[in-house]
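Peer 1: starting from these lines, generate the structure:
(4 chains)
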2 protein chains.
Amino acid sequence: MKTPTSIQRMTRQRRILIETLDRRNWHPTAEEVYHIVRKKAPKVSLGTVYRNLDILSKEGVIAKIEDAGAQRRYDGNNKPHYHVKCLGCGNVWDVPDEAVSWVREPRVRIPDFTVTGHRLLFEGYCFHCGKQK
Amino acid sequence: MKTPTSIQRMTRQRRILIETLDRRNWHPTAEEVYHIVRKKAPKVSLGTVYRNLDILSKEGVIAKIEDAGAQRRYDGNNKPHYHVKCLGCGNVWDVPDEAVSWVREPRVRIPDFTVTGHRLLFEGYCFHCGKQK
DNA sequence: GTAAATGCAAAAACTTTGCAAATTC
DNA sequence: GAATTTGCAAAGTTTTTGCATTTAC
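Peer 2: As a prediction, the model looks like this:
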């Protein structure tokens, strides 16, 4: 796992948290991480877990899954279509079907799992936020 | 827009809310909907907006975008890969690259927008939740 | 020794819910 | 008139933050 660069002190709690996260096919919530880390660092606080998860994800060491942003968004258009989200301002736009090129819908086969659909979200920066960077 | 079937009374507030949502390329938060609806129904409450958004999305009339579920999830594996999420229990698993077939990465061109990446999430039901349905 | 990081608790942010009153059919 | 829906406010849930104390370097 990549070592974070903005971290200045490798505390016991942080080391245990990073070790804990270094597991394949595991997608824990902050509270799940908290409970696991507490087994080795019984006094760790949930705040510390949140703080470190935030630091690590900003570093790109770990990823936030399905980060919906602060507030959930709704779409009055219930026809299948894709979205693009600005990582700067959080705004979401539709992606016109003709803007996406692939030969066919993505297909997946997973044992013991019935796939009913998929969501594809493009990320990047809108004109306004891109200029600010 | 599809008309919801489980709704029994078309109240003034609900009608205005549905009319409000019927707009293209708009992906409002509950609070944004609330403020727009209030222009025509000044006494509407945020609770009513949430209740109706929930009903409408359960009906499939509107969609929740990037519904992260109750709690955010993290992934210690920061290499690009896709996920599959069970709509029953909310669990998330990795999708092995070889399980996804398409000819090439999805590409998109959107004016005034710099796309830096994409997220692809498959949805469905795991073995356990699929049996319960 | 110094500054970063923690623990704790309080606050913030977002969403859901109980209940009396209003409204639709 | 009966039952759904609303408005209000309170509570629930998740995440963030202020600050004194601890800890790593």
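Peer 1: so for residue A:91, what's the pLDDT?
Peer 2: For residue A:91, the model assigns a pLDDT of 87.
Peer 1: so what's it up against?
Peer 2: Neighbour list for residue A:91: A:85, A:126, B:27 [criterion: C-beta atoms under 8 Å, 6 or more residues apart in numbering or on different chains]. The C-beta positions use only the backbone N, C-alpha and C, and glycine is treated the same way.
Peer 1: and which of those is nearest DNA strand D?
Peer 2: Nearest to DNA strand D among the contacts of residue A:91: residue A:85, at 16.7 Å, using C-beta to the nearest atom of the strand.
Peer 1: what about the closest one, neighbour count?
Peer 2: Other residues near residue A:85 number 25, with proximity taken as other C-beta atoms under 10 Å in any protein chain shown.
Peer 1: which parts of the biggest strand by length in chain A are buried?
Peer 2: If you go by DSSP state E, chain A has its longest strand at strand A:113-126. Residues of strand A:113-126 classed as buried under the neighbour-count rule (16 or more other C-beta atoms under 10 Å in any protein chain shown) are A:113, A:115, A:118, A:119, A:120, A:121, A:122, A:123, A:124, A:125, A:126.
Peer 1: pairing partners for it, with directions?
Peer 2: Looking at strand A:113-126 with DSSP bridges, its partner strands are strand A:82-86 (parallel), strand B:113-126 (antiparallel).
Peer 1: could I get those strands as a markdown table with mean pLDDT and distance to residue B:75?
Peer 2: Listed next are the strands paired with strand A:113-126 as a markdown table, based on pLDDT from 0 to 100; distance: least, C-beta to C-beta, whole Å:
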| stretch | mean pLDDT | distance to residue B:75 |
| --- | --- | --- |
| strand A:82-86 | 89 | 18 |
| strand B:113-126 | 89 | 11 |
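Peer 1: nearest to residue A:57, of those?
Peer 2: strand B:113-126 (13.9 Å; C-beta to C-beta).
Peer 1: can you show me the CA trace of the closest one as CSV?
Peer 2: C-alpha atoms of strand B:113-126 as CSV (Å, rounded to 0.1, in the frame of the first residue of the first chain):
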residue,chain,number,x,y,z
PHE,B,113,-15.7,19.4,-18.8
THR,B,114,-12.4,17.6,-18.1
VAL,B,115,-13.1,13.9,-17.3
THR,B,116,-10.5,12.5,-15.0
GLY,B,117,-12.0,9.1,-14.4
HIS,B,118,-15.1,7.0,-13.9
ARG,B,119,-16.8,4.7,-11.4
LEU,B,120,-18.8,1.7,-12.5
LEU,B,121,-21.0,0.0,-9.9
PHE,B,122,-23.0,-3.1,-10.6
GLU,B,123,-26.1,-3.6,-8.6
GLY,B,124,-28.2,-6.6,-7.8
TYR,B,125,-28.8,-9.2,-5.1
CYS,B,126,-26.3,-11.5,-3.4
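Peer 1: doesn't residue A:6 make contact with residue A:55?
Peer 2: Yes. At 7.0 Å, residue A:55 counts as touching residue A:6 under the criterion of C-beta atoms under 8 Å.
Peer 1: look at those two and report which has more neighbours.
Peer 2: Per other C-beta under 10 Å, whichever of residue A:55 and residue A:6 has more neighbours is residue A:55, with 15 against 8.
Peer 1: so which of the strands paired with strand A:113-126 gets nearest residue A:31?
Peer 2: So among the strands paired with strand A:113-126, strand B:113-126 is nearest, using C-beta to C-beta, at 20.8 Å.
Peer 1: next one: the closest one to chain centre, how far?
Peer 2: Computed by C-alpha atoms, centre = their mean, to the nearest Å, the chain-centroid distance of strand B:113-126 equals 13 Å.
Peer 1: try stretch A:37-51
Peer 2: The answer for stretch A:37-51 is 20 Å, by C-alpha atoms, centre = their mean.
Peer 1: all good on my end, thank you.
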